[in-house]
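[1] I need the structure of the sequence given here:
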Amino acid sequence: MAKATYFSAAGGACFILALAIAPAKAEDPTQPWSQADSYYGPTEMAEARRAVQKEHGGNTMYYVLADRLEYQTNDGDPLLLFDGQGWWGGDRNKLTLKSELEYDLTADRFEEAEIQALWTRPIARYFDLQAGVRHDFTAGADRTFGVLGVQGLAPYWFEIDAAAFVSGDGDVSARVELEYELLLTQRLILQPRTELNFAIQSVEEVGVGSGLSTAEVGARLRYEIRRQFAPYVGVSWTRSVGETADFARADGEDPGGVSFVAGLRLWF
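    Numbering: from 1, shown residues only. The predicted model follows:
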């Protein structure tokens with residue numbers, strides 16, 4: 001019994017001593033943080049640490065996504081649509097390019113063409129801050145905007161892309177895109193999508209009214225043959241609202257419509 005008490009007391013003392021020494025070692029910058037320091041010199045270890053840090057966050061990488069490359073029926077006036085983005089950089093700073101193009105097959109021309117060049121930096125675990133410029137290549141009304149926005153993953157796994165735009169004339173607008181992926185199987189995925197556009201001022205020459213200008217709600221069902229290659233089908237409903245709808249009617253256009261879509265989602 002005495003021996004058991006002795007060993008228990010000794011073990012407890014060693015445990016307390018270890019707790020006291022461990023923080024001191026962790027806080028002491030002269031203490032090695034790897035057992036390899038006992039075998040290799042400081043020069044070799046410094047090079048090894050630089051290599052490890054680069055491989056775990058210091059690399060320059062890239063990513064390209066064609067989220068929507070599709071044909072839209074558009075109530076009898078079919079469109080080809082491209083919506084994609086790509087980035088190049090490291091964990092902290094990236095150059096991001098976004099583009100959205102609409103080509104009217106009936107009129108044989110681009111209805112809309114937009115490109116954004118953005119600096120991207122993380123501001124939270126799941127969100128990036130984005131700032132840069134946007135240019136619209138609209139027939140007879142090319143415009144350039146400053147951009148400030150956020151992009152990331154909200155609670156419950158909603159993907160959010162929200163941005164405010166200020167044109168060279170001082171017109172202020174905003175856009176919010178929401179997407180959600182519902183896995184029916186490991187390869188069959190239903191993706192609901194919503195896009196809302198807002199404007200502070202009316203800009204009649206481009207057919208945009210103040211307030212909520214347009215809304216789009218849709219859903220796409222894709223099958224991932226490979227993760228990087230997924231054909232899909234779906235439906236999309238769009239509607240101009242308020243003054244924007246009035247401008248559309250004045251031009252003889254329908255302010256709303258439903259499109260059946262078919263396309264590909266690609267990334268690499």
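[2] please make it C-alpha for all contacts and neighbour counts, starting now.
    Will do.
[3] which stretches of this protein have low pLDDT?
    Under the criterion pLDDT under 70, the flagged ranges of the chain are 1-33, 57, 139-140.
[4] how about the helices in it?
    Taking DSSP state H as the criterion, the chain carries its helices at 2-27, 42-53, 243-250.
[5] check which residues of stretch 182-190 are buried.
    Of the residues in stretch 182-190, those scored as buried under the neighbour-count criterion (16 or more other C-alpha atoms under 10 Å) are 188-190.
[6] actually stretch 36-49, sorry about that
    Residues of stretch 36-49 classed as buried by neighbour count (16+ other C-alpha under 10 Å): residue 45.
[7] ok, residue 95 touching residue 120?
    Yes: under the contact definition of C-alpha atoms under 8 Å, residue 95 touches residue 120, with a separation of 6.2 Å.
[8] with neighbour numbers in mind, choose between those two.
    With other C-alpha atoms under 10 Å as the criterion, residue 95 and residue 120 differ in neighbour count, and residue 120 comes out ahead with 24 against 18.
[9] nearest residue to the more buried one other than its sequence neighbours?
    Across the structure, with C-alpha to C-alpha, 6 or more residues apart in numbering as the measure, the residue nearest residue 120 apart from its sequence neighbours is residue 130 (4.5 Å).
[10] beta partners of that neighbour?
    For residue 130, the beta-bridge partners under DSSP bridges are residue 120, residue 149.
[11] that one against residue 161, yeah?
    No: taking contacts as C-alpha under 8 Å, residue 130 lies outside contact range of residue 161: 9.9 Å.
[12] same drill for these two, tell me which one is more crowded.
    residue 130 (24 against 19).
[13] who touches that one in this structure?
    Taking C-alpha atoms under 8 Å, 6 or more residues apart in numbering, we find residue 130 in contact with 118-121, 147-151.
[14] determine which two of these are furthest apart.
    Of all pairs drawn from the contacts of residue 130, the greatest distance, 14.0 Å, lies between 121 and 147 (C-alpha to C-alpha).
[15] may I have stretch 49-57 exported as CSV, CA atoms only?
    Presented in CSV, the C-alpha positions along stretch 49-57 are these (Å, rounded to 0.1, in the frame of the first residue of the first chain):
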residue,chain,number,x,y,z
ARG,A,49,10.2,24.9,-42.9
ARG,A,50,9.9,27.3,-45.8
ALA,A,51,9.0,24.3,-48.1
VAL,A,52,6.4,23.0,-45.7
GLN,A,53,4.8,26.5,-45.3
LYS,A,54,4.7,27.0,-49.1
GLU,A,55,3.1,23.6,-49.7
HIS,A,56,0.5,24.2,-47.1
GLY,A,57,-0.8,27.6,-48.2
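[16] mind listing residues that contact it?
    Stretch 49-57 is contacted by residues 90-91 when judged by C-alpha under 8 Å, 6+ apart.
[17] on that earlier part again, any common contacting residues for residue 130 and residue 161?
    Taking C-alpha under 8 Å, 6+ apart as the contact definition, residue 130 and residue 161 share the neighbouring residues 149-151.
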